[in-house]
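In: coordinates only, sequence not included:
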Ligand SMILES: O=C(O)CCC(=O)C(=O)O
Ligand SMILES: [Fe+2]
C-alpha cells in the first residue's frame, strides 16, 4: 500500500481561529512548508506601544557604539528581555499559544525598523549545520507587523513565489523543522526594501530546546 505521508508540523491549529487572550484569525495557509498568514494577532494599541518602547531602546543602544553596517540586513533593531514589561509578557504568552510551543524555547522578542531603501535580503532563519549553535537550532518564526507600510516591505519567499504585505496587527508564521531538508530550504525569505513610509516588525524565533 502506498501512503502519502505528510510531515509532522509544530503548529497544531485547525480551522480559521486560534483562541488566546484574543481571537486570532487564520487568514491563509500553505501546507508544505507550512506558512500561515494570521490576522488580529496584536491590537493597534499593542503595536503602538511596542514601537514606542523599542524606539527609546534603539536610541540608547546606539550611544557609545559604532553602528556596524550589515549588507544582509540594513534595518535597525533591538531585543526585549524575557517578560521585560507587562505588554511583552502578555504578547509572549499569546505567541506561545500561536506557535504551539512554550516561551522557554524563545529568543527574546526582536523589533526591527526599516526606513525607505532598507531591507532584509533573502536568508534562512535556521543556522547552517557548520555552526556551533546547530545543536539547538531554530525551528519556527513569527513575524508580526506593527504598522502599515505605504509601499514596499513585503515579506517574500523567493523559492515559493509568495509574499505577504505588511498590515498592522497581522503576522506570518512559518516553520522549518522538517525531516526533508528540501522543505526547510523552501523557507528562504526576506523583507523587501521599503519604498515609502517606515516598516516596523516584531519577530519571535523558537528553538528546538529551551533557552530560558
Ligand atoms: O521584515 C520582514 O519582513 C522579515 C523579517 C525576518 O525575516 C526576520 O526577522 O527573521
Ligand atoms: Fe528571517
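Out: It's in. Since we're looking at a predicted model, the values are computed, not measured. Ligands and ions are numbered 1, 2, ... in the order given.
In: Check what contacts the longest helix seen in the chain and list those residues.
Out: Determined from DSSP state H, the single longest helix within the chain is helix 44-62. With contact meaning Cβ atoms under 8 Å, 6 or more residues apart in numbering, helix 44-62 is reached by 42, 76-78, 80, 85, 87-88, 90-91, 111, 113, 145-147, 168-169, 200, 202. C-beta: built from backbone N, CA, C; applies to glycine.
In: ok now it, how far from the chain's centre?
Out: 17 Å (Cα atoms, centre = their mean, to the nearest Å).
In: Surely residue 94 touches residue 22?
Out: Yes: look at residue 94 against residue 22 with Cβ atoms under 8 Å: they come within range, at 6.6 Å.
In: how much space is there between the closest residue to residue 43 other than its chain neighbours and residue 12?
Out: In space, and not counting its chain neighbours, residue 43 is closest to residue 169: 6.7 Å by Cβ to Cβ, 6 or more residues apart in numbering. If you measure residue 169 against residue 12 using Cβ to Cβ, to the nearest Å, the figure is 23 Å.
In: How about residue 153?
Out: If you go by Cβ to Cβ, the gap between residue 153 and residue 12 works out to 30 Å.
In: Settle it for me: which of the two has more neighbours?
Out: Using other Cβ atoms under 10 Å, the more surrounded residue of residue 153 and residue 12 is residue 153, with 29 against 9.
In: any idea how far residue 176 is from the more buried one?
Out: Going from residue 153 to residue 176 by Cβ to Cβ gives 22 Å.
In: Any regions of the chain where pLDDT drops low?
Out: Where the chain drops to pLDDT under 70, the residues are 1-4, 59-70, 132.
In: wait, what's in contact with the residue nearest to residue 43?
Out: For residue 169, the contact set (Cβ under 8 Å, 6+ apart) comprises 39-44, 46-47, 144-145.
In: residue contacts, whatever residue of the chain ends up closest to ligand 1?
Out: In the chain, the residue that lies nearest ligand 1 is residue 191 (2.9 Å; Cβ to the nearest ligand atom). Residues near residue 191 by Cβ under 8 Å, 6+ apart: 75, 112, 114, 119-120, 153-156, 199, 201.
In: secondary structure class for the residue lying closest to residue 72 once chain neighbours are set aside?
Out: Counting by Cβ to Cβ, 6+ apart, residue 121 is the residue found nearest to residue 72 once chain neighbours are left out, at 5.1 Å. Assigned with DSSP: H, G, I helix; E, B strand; the rest coil, residue 121 falls in the strand class.
In: I'd like to know how many residues surround residue 121.
Out: Applying other Cβ under 10 Å, we find 13 residues neighbouring residue 121.
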